[in-house]
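>>> The following comprises the amino acid sequence and a computationally predicted model.
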Amino acid sequence: MARCRPRCSKADCKQWTKQNALLLATVAGVVLGVVLGIAMREANLSKLDIKYFSFPGELLLRMLKMIIVPLIICSLITGVATLEGRASGKLGLRTIIYYMGTTLLAVILGIVLVVSINPGRYGRNSVSSGSNDLQVEPVDAILDLIRNAFPENLVEACFSKIKSVRVPIMVDRNVTMIYQINSTAIPGGATTVPVKTNTMVVEKEVVGDYKLIIESKSGVNVLGLIVFCLTFGLIIGKMENEGKILVDFFVAFNEAIMRIVYIIIWYSPVGICFLIASKIMEMDRPEEILTQLGLYMATVIVGLFIHGLIFLPLLYLIFVRKNPITYIVGVSQALLTALATASSSATLPVTIKCLETNNKVDRRVVRLVLPVGATINMDGTALYEAVAAIFIAQSNNIYLNFGQIVVVSITATAASIGAAGVPQAGLVTLLIVMAAVGLPAEDIELILAIDWLLDRFRTTINVLGDSIGAGIIAHLSRDDLKDIDKEDPKVPRKGTDNFGYENEEDTHV
Ligand code: 7O9
């Protein structure tokens, strides 16, 4: 990315502005969104009017989401197909070490901050209404994750994922004999509940056993798609001549999708402005929430800032030995989109474009590492979940010993990795972390009031973590990648300019 130095001529500055027009427009979109949002709060619009007002923002989200499924499918397939087995193995190992390492680092940072700041020291300041339907069984969540990795139907995987639900088995009271025989075998005994039928109220026995019902929920089953695409890409990459037509097809498909992404990105400043403005207008009594949860919010935000502005750039500096600030400026468009959409998957097209075009990261690495990163690498989410769980313990005056804190750090890391595979992830994964150390599930309501705002910040850090990871992994794998280039110059690898044409500038490896 060209930079405007203090002594640059007028022409240089003009060129800089031209090159960075999109970024400037996005920054303007964010600023305008904040100003518009604050100004329109005075108008006291109804919820319905705010929904109408946010329409241009909704359109941006819809367009980004529309492109995700074809984008990840062809990115992953071309990503592995154009890498040799040996190189992709090494790359995969580095990717996993980076994801696990940075996520754990974020969690530890979060825990250190929440324990030293102690934001829950004032005790509970809001009474939760206590609902019991929030129970989550960690075993079922993990098995669902594995089930989702192997979808029954690939087409269905593009729009729905599965979730298993435990339903208690009930028996009529007048078959007590059967129940009594059963109940001796079931530890914990049985309880009685009244169940209403069409004609009368019949007593039913809860036997203490459960049926596991597998339901499908709407949402992309990314895990299933990733597993299939990686396998498919690996196979067609190994198939030599017969597979070549398929590799070429997906390479061309990928190019076409990226050109659509460029069009959507030009619309993004408008969408971002309306998304931010409408969120600010929607805020309910911000002063009250700020005084109640201010310290907790501050802990999360300080943690995210330290991770994103100190730890991650430092890692980049250590491994790549290039200026991390230039690198971060290169992905700032993606960071702003993450802030506005609160979704790293919806931001994925923008992140890919930024890394390829501005930062010139090797395309094969971007295509492989980013979709996987958007799915399993969530540093911000992991930090947030660790802080949230310990904050809830603090506000209930529950003391967590060192062992329990270690459990929180491990479950928070695991939960952020599995989040995308679990339906209604945000809530469910935090519940798993809380359940692991025996915290009351209903207390999650304490922090829900501010979740939407913290979601934006943690998503930004999730996207930054993925981007810096791609830069580091591309740099570490540069020799392997060069070896393949020499042996088999199969597909174009370098970054593209804004119009998707080849750009012969030095690739960032
Ligand atoms: C945050 F690979 C992709 F792009 F296709 C992809 C598609 C869907 C990747 C992930 C997903 C997905 O469903 N992700 C998901 C993530 C689903 C539910 C919850 C979360 C967690 O989200 C973060 C959070 O809440 O902390 C955050 N909003 O990074 O998007």
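Now that the structure is in, tell me what you want to look at. Numbers count the residues shown, from 1 in each chain.

>>> Could you tell me whether residue 207 really is in a helix?
No. Judged by DSSP: H, G, I helix; E, B strand; the rest coil, residue 207 forms no part of a helix; its state is strand.

>>> is it true that it touches residue 171?
Yes. Using C-beta atoms under 8 Å, residue 207 is in contact with residue 171, at 5.8 Å. In short, each C-beta sits where N, CA and C put it, glycine included.

>>> Those residues of the stretch 301-450 of the chain touching the ligand, which are they?
342-345, 348, 371, 374-375, 378, 381, 419-420, 425-426 (C-beta under 6 Å from any ligand atom).

>>> do the same with the chain
Close to the ligand, as judged by C-beta under 6 Å from any ligand atom, the chain has residues 68, 72, 219-220, 222, 342-345, 348, 371, 374-375, 378, 381, 419-420, 425-426, 455, 458-459, 462.

>>> at 5 Å what do you get?
68, 72, 220, 222, 343-345, 348, 371, 374-375, 381, 419-420, 425-426, 455, 458-459, 462 (C-beta under 5 Å from any ligand atom).

>>> Of these, which belong to helices?
68, 72, 222, 344-345, 348, 371, 374-375, 381, 425-426, 455, 458-459, 462 (DSSP state H).

>>> Check the residues you listed against residue 147 and report the nearest one.
residue 222 (13.8 Å; C-beta to C-beta).

>>> Quick check, pLDDT for the residue positioned nearest the centre of the chain.
The residue lying closest to the centre of the chain (C-alpha atoms, centre = their mean) is residue 344, at 4.7 Å. The model reports residue 344 with a pLDDT of 93.

>>> now residue 155
With respect to pLDDT, residue 155 scores 94.

>>> before we move on, what about residue 187?
Residue 187 is given a pLDDT of 44.

>>> and residue 394, what does it touch?
114, 118, 119, 120, 121 (C-beta atoms under 8 Å, 6 or more residues apart in numbering).

>>> now it, what's its secondary structure?
helix.

>>> for the contacts of residue 394, which one is nearest the ligand?
residue 114 (16.6 Å; C-beta to the nearest ligand atom).

>>> Going along the chain, name the strands of this structure.
160-172, 191-196, 201-218 (DSSP state E).

>>> now those strands in a markdown table, with mean neighbour count and mean pLDDT?
Shown next, in a markdown table, are those (neighbours: other C-beta atoms under 10 Å; pLDDT from 0 to 100):
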| stretch | mean neighbour count | mean pLDDT |
| --- | --- | --- |
| strand 160-172 | 16 | 84 |
| strand 191-196 | 11 | 48 |
| strand 201-218 | 14 | 79 |
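
>>> Looking at the nearest residue to residue 275 once chain neighbours are set aside now. What's its pLDDT?
Distances taken as C-beta to C-beta, 6 or more residues apart in numbering place residue 57 nearest to residue 275, at 3.4 Å, with adjacent residues excluded. pLDDT recorded at residue 57 is 95.

>>> mind listing what the nearest residue to residue 38 once chain neighbours are set aside touches?
Take residue 38 and drop its neighbours on the chain: the residue closest to it by C-beta to C-beta, 6+ apart is residue 280, 6.2 Å away. Contact partners of residue 280, counting by C-beta under 8 Å, 6+ apart, are 33, 34, 37, 38, 40, 41.

>>> what's the burial count for the third one?
A count of neighbours around residue 37, defined by other C-beta atoms under 10 Å, yields 22.

>>> now it, nearest residue through space, not along the chain?
Of all residues not flanking residue 37 in the chain, residue 280 sits nearest, at 2.8 Å (C-beta to C-beta, 6+ apart).

>>> Can you tell me which of the ones in helices among the residues of the chain next to the ligand lies closest to residue 97?
residue 375 (17.0 Å).

>>> contacting residues for that closest one?
Here residue 375 is in contact with 222, 223, 226, 345, 420 (C-beta under 8 Å, 6+ apart).

>>> What ranges does the stretch 201-350 of the chain have for its helices?
Counting by DSSP state H, counting those that start in this stretch, the stretch 201-350 of the chain has helices at residues 222-238, 240-282, 286-306, 312-320, 324-330, 332-341, 344-353.

>>> I'd like those helices laid out as a markdown table, including distance to residue 361.
Listed next are those as a markdown table, based on distance: least, C-beta to C-beta, whole Å:
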| stretch | distance to residue 361 |
| --- | --- |
| helix 222-238 | 19 |
| helix 240-282 | 14 |
| helix 286-306 | 23 |
| helix 312-320 | 10 |
| helix 324-330 | 9 |
| helix 332-341 | 12 |
| helix 344-353 | 10 |
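
>>> Tell me where the model's unsure across the protein.
1-8, 123-136, 173-204, 423-426, 486-509 (pLDDT under 70).

>>> ok, back up a step: can you say which of the contacts of residue 375 are buried?
222, 223, 226, 345, 420 (16 or more other C-beta atoms under 10 Å).

>>> Pick out whichever of these sits closest to residue 448.
Using C-beta to C-beta, these come closest to residue 448 at residue 420, 20.5 Å.

>>> so how far is residue 267 from that closest one?
Separation of residue 420 from residue 267 (C-beta to C-beta, to the nearest Å): 26 Å.

>>> what's the answer for residue 84, then?
When residue 84 is compared with residue 267 (using C-beta to C-beta), they lie 38 Å apart.

>>> give me the number of residues near the closest residue to residue 359 other than its chain neighbours?
Closest residue to residue 359 apart from its sequence neighbours, by C-beta to C-beta, 6+ apart: residue 330 at 4.2 Å. Residue 330 is flanked by 21 other residues according to other C-beta under 10 Å.

>>> and residue 330, what is it in contact with?
For residue 330, the contact set (C-beta under 8 Å, 6+ apart) comprises 1, 354, 355, 358, 359.

>>> ok so, going back, just the buried members of the contacts of residue 394?
114, 119, 120.

>>> So the first one is in contact with residue 383, correct?
Just to be clear, that refers to residue 114. No. With contact defined as C-beta under 8 Å, residue 114 does not reach residue 383; the gap is 9.5 Å.

>>> quick one: common contacting residues for the two?
Overlap of the contact sets of residue 114 and residue 383 (by C-beta under 8 Å, 6+ apart) consists of residue 303.

>>> quick one: buried residues of stretch 473-482?
Neighbour counts over stretch 473-482 (16+ other C-beta under 10 Å) mark 473, 474, 475, 476, 477, 478, 480, 481 as buried.

>>> Any idea how far apart the tips of that stretch sit?
Taking C-alpha to C-alpha, to the nearest Å, stretch 473-482 runs 14 Å from one end to the other.

>>> ok, residues contacting it?
For stretch 473-482, the external contacting residues (C-beta under 8 Å, 6+ apart) are 86-87, 90-91, 94-95, 98, 319-320, 361-362, 364-366, 369, 493, 508-509.

>>> one more time with 6 Å
With contacts defined as C-beta atoms under 6 Å, 6 or more residues apart in numbering, stretch 473-482 is touched by 87, 90, 91, 94, 95, 320, 361, 362, 365, 369, 509.

>>> how many neighbours does the second one have?
Same thing as residue 90. Neighbour count for residue 90, taken as other C-beta under 10 Å: 17.

>>> Let me see the backbone angles for residue 285.
phi 30, psi 70 (degrees, to the nearest 10).

>>> Could you give the number of residues near it?
Residue 285, neighbours per other C-beta under 10 Å, totals 9.

>>> List the contacts of the closest residue to residue 308 other than its chain neighbours.
Spatial nearest neighbour of residue 308, chain neighbours left out: residue 461 (4.6 Å); criterion: C-beta to C-beta, 6+ apart. Going by C-beta under 6 Å, 6+ apart, residue 461 touches 304, 307, 308, 379, 380.
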